[in-house]
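Novice: dropping a prediction and its sequence here:
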Amino acid sequence: MNNRFILNISALFLAFLVVLTTLFFTKNKLFDYYFTYLDSLKKTVELQSDLESGKIVLFGSSELVVYPNQKFLPQNFFNNELKIPLRVQGNEGHQSFVILSQLAAFDNKKVRENAKIVVLLSPSWFTGSSDNGLTMAKFLEFMNLGMMNKLYFEGQTQDKYKFLISDYIQNNISYIKDPTFIYETPFNDIKDEYIDNKFKKFIIEKFDEKYVKTQDISYLKQNINFDNLKNEAKIIESSSSNNKFGIQNEYYFKYIKPEIAKNNFPFEIIIPPSLEKNEEYQDFLDLLDFLDSYKIKPLFIMQDLHPYIFIKNRENANLLMETIKSKVLEHNFEYMDMWTYKKEDYEIGTLIDIVHFGELGWLRANQKIVDYFVK
């Protein structure tokens with residue numbers, strides 16, 4: 001009995017000595033890590049809190065920022081008019097892969113149970129050349145040091161997504177000026193640093209305990225007269241007076257009228273020849289796979305290219321949009337299709353220019369969001 005007690009005490013002392021020795025030799029590295037990344041971690045707090053709280057989070061791109069004063073822009077309409085909490089995330093160039101990367105960084109049980117996700121899909125993401133995927137500059141904007149540390153050391157996502165993101169970084173490392181350790185080191189190498197990773201995870205978790213505050217957000221059904229709001233949206237859009245397409249006057253004069261004078265009108269939709277080589281499409285499929293674990297199924301909204309402007313090759317674009325739609329439905333996710341397959345079905349005022357929602361388009365999208373999440 002005494003021998004066993006002495007052995008247990010000796011083992012405990014030895015383990016304690018190993019921990020102290022490890023701390024002594026790594027303390028500078030750990031302290032440097034903590035102070036270097038604390039400010040960057042602070043930039044991750046709001047989005048993580050909103051996802052865990054079940055706030056509606058709408059991911060999109062340029063449509064969220066290009067006309068900030070639109071009455072029915074979601075961040076204006078939901079938060080100011082309806083008093084319904086909603087967060088928008090993204091700006092121009094914010095596409096499928098960086099949406100996946102952010103969600104992977106925050107992956108945990110609370111997010112998977114509570115997150116209410118809307119993804120605004122832009123047809124322009126999937127068209128043009130085959131290398132139409134995310135730019136490294138946009139990746140770095142949204143996957144800063146704090147986000148990368150959460151992804152590698154705290155995020156509970158499957159390793160296959162960490163490897164996917166790491167491979168993207170390594171394939172584009174030449175576009176990063178003076179990359180830091182977290183970017184220049186492949187995840188496969190980082191994964192092997194077990195003790196170091198555990199310390200970093202401990203630091204991030206302690207940070208989260210202090211700064212990440214889960215709110216109590218509930219959505220109650222409201223009586224909203226969308227028919228009256230639609231009439232209001234049409235009145236707002238009546239400012240289009242120098243063209244028959246419902247396009248904002250200044251935009252038409254600056255971008256469309258000169259192309260008509262050059263005989264470059266109507267426009268053609270360029271479709272990459274192969275879906276297998278269409279970078280954005282492949283990133284989109286990865287995003288769909290990732291979201292399968294979410295309890296509340298996400299809502300995808302496909303936007304439009306103006307059918308009176310983008311006429312050439314629209315038949316092939318229709319096929320691409322049908323394929324994208326079918327992939328969303330295969331995952332049993334919700335899909336709102338605002339792509340115009342026949343120009344006769346297009347309602348003037350849906351777009352304010354040739355690719356971005358006008359007041360009428362936003363109102364239709366907002367109604368879908370309310371019907372889906374506010375029950």
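Specialist: Perfect, I can see it now.
Novice: just the pLDDT at Asn8, thanks.
Specialist: We have a pLDDT of 55 for Asn8.
Novice: which residues of the stretch 1-150 of the chain score low on pLDDT?
Specialist: 1-39 (pLDDT under 70).
Novice: next up, the contacts around the closest residue to Gly93 other than its chain neighbours.
Specialist: Among residues not flanking Gly93 along the chain, Lys138 sits closest, at 4.3 Å (C-beta to C-beta, 6 or more residues apart in numbering). (Glycine included, C-beta is placed from N, CA and C.) For Lys138, the contact set (C-beta atoms under 8 Å, 6 or more residues apart in numbering) comprises Gly93, His94, Gln95, Val98.
Novice: buried sites along stretch 347-367?
Specialist: Neighbour-count burial for stretch 347-367 flags 348-367 (criterion: 16 or more other C-beta atoms under 10 Å).
Novice: show me those that map onto helices.
Specialist: Among those, the ones falling in helices (DSSP state H) are Glu359, Leu360, Gly361, Trp362, Leu363, Arg364, Ala365, Asn366, Gln367.
Novice: the third one touches Thr350, doesn't it?
Specialist: I take that to be Gly361. Yes - counting by C-beta atoms under 8 Å, Thr350 is a contact partner of Gly361 at 4.2 Å.
Novice: strands along the chain, start to end?
Specialist: Counting by DSSP state E, the chain has strands at residues 56-59, 86-89, 116-121, 267-268, 299-302, 310-312, 334-337.
Novice: relative to Phe142, which of those strands is closest?
Specialist: strand 86-89 (8.1 Å; C-beta to C-beta).
Novice: now stretch 203-216, how far from the centre of its chain.
Specialist: Distance of stretch 203-216 from the chain centroid (C-alpha atoms, centre = their mean, to the nearest Å) equals 22 Å.
Novice: what about Tyr252, how many residues nearby?
Specialist: 21 (other C-beta atoms under 10 Å).
Novice: need the pLDDT of it.
Specialist: pLDDT, Tyr252: 95.
Novice: excluding chain neighbours, what is closest to it?
Specialist: Asn243 (4.4 Å).
Novice: distance of Glu184 relative to Ser129?
Specialist: 28 Å (C-beta to C-beta, to the nearest Å).
Novice: picking that back up, shared neighbours of Gly361 and Thr350, anything?
Specialist: Joint contacts of Gly361 and Thr350 (C-beta under 8 Å, 6+ apart) are Asp304, Met338.
Novice: the residue nearest to Tyr252 contacts Ile256, correct?
Specialist: Yes - Asn243 lies in contact with Ile256 (C-beta under 8 Å); the separation is 7.1 Å.
Novice: more crowded one of the two?
Specialist: Using other C-beta under 10 Å as the criterion, Asn243 and Ile256 rank with Ile256 on top: 22 against 16.
Novice: the residue nearest to that one when sequence neighbours are not counted: neighbour count?
Specialist: Leaving aside its sequence neighbours, Ile256 sits nearest to Ile247 (C-beta to C-beta, 6+ apart; 6.6 Å). If you count neighbours by other C-beta under 10 Å, Ile247 ends up with 25.
Novice: so for Ile247, what's the pLDDT?
Specialist: Reading off the model, Ile247 has pLDDT 93.
Novice: residue contacts, it?
Specialist: Ser240, Ile256, His306, Ile309, Leu351, Ile352, Asp353, Ile354.
Novice: go on, Tyr281?
Specialist: Counted by C-beta under 8 Å, 6+ apart, Tyr281 has contacts Phe126, Pro272, Leu275, Ile324.
Novice: against Gly133, how distant is the spatially closest residue to the third one that is not a sequence neighbour?
Specialist: So that's Leu275. Leaving aside its chain neighbours, Leu275 sits nearest to Tyr281 (5.3 Å; criterion: C-beta to C-beta, 6+ apart). Distance, Tyr281 to Gly133, by C-beta to C-beta: 9 Å.
Novice: and Gly93, by the same measure?
Specialist: For Gly93, the distance to Gly133 - C-beta to C-beta - is 10 Å.
Novice: next one: Gln170
Specialist: Gln170 sits 15 Å away from Gly133 when distances are taken as C-beta to C-beta.
Novice: most centrally placed residue in the chain?
Specialist: Ile99 (2.9 Å; C-alpha atoms, centre = their mean).
Novice: if the closest residue to that one other than its chain neighbours is in a bridge, with which residues?
Specialist: Distances taken as C-beta to C-beta, 6+ apart put Phe59 closest to Ile99, at 4.8 Å, once the chain neighbours are dropped. In this entry, Phe59 is beta-bridged to Gln89, Val119, by DSSP bridges.
Novice: what is the burial count for Phe59?
Specialist: For Phe59, using other C-beta under 10 Å, the count is 24.
Novice: do you know how far it is from Phe153?
Specialist: Taking C-beta to C-beta, one finds Phe59 at 24 Å from Phe153.
Novice: cool, and Met302?
Specialist: Taking C-beta to C-beta, one finds Met302 at 36 Å from Phe153.
Novice: distance from stretch 325-333 to the middle of the chain?
Specialist: That offset, for stretch 325-333, works out to 18 Å (C-alpha atoms, centre = their mean).
Novice: and it, which residues are buried?
Specialist: Counting neighbours by 16+ other C-beta under 10 Å, stretch 325-333 gives Lys325, Lys327, Val328, Phe333 as buried.
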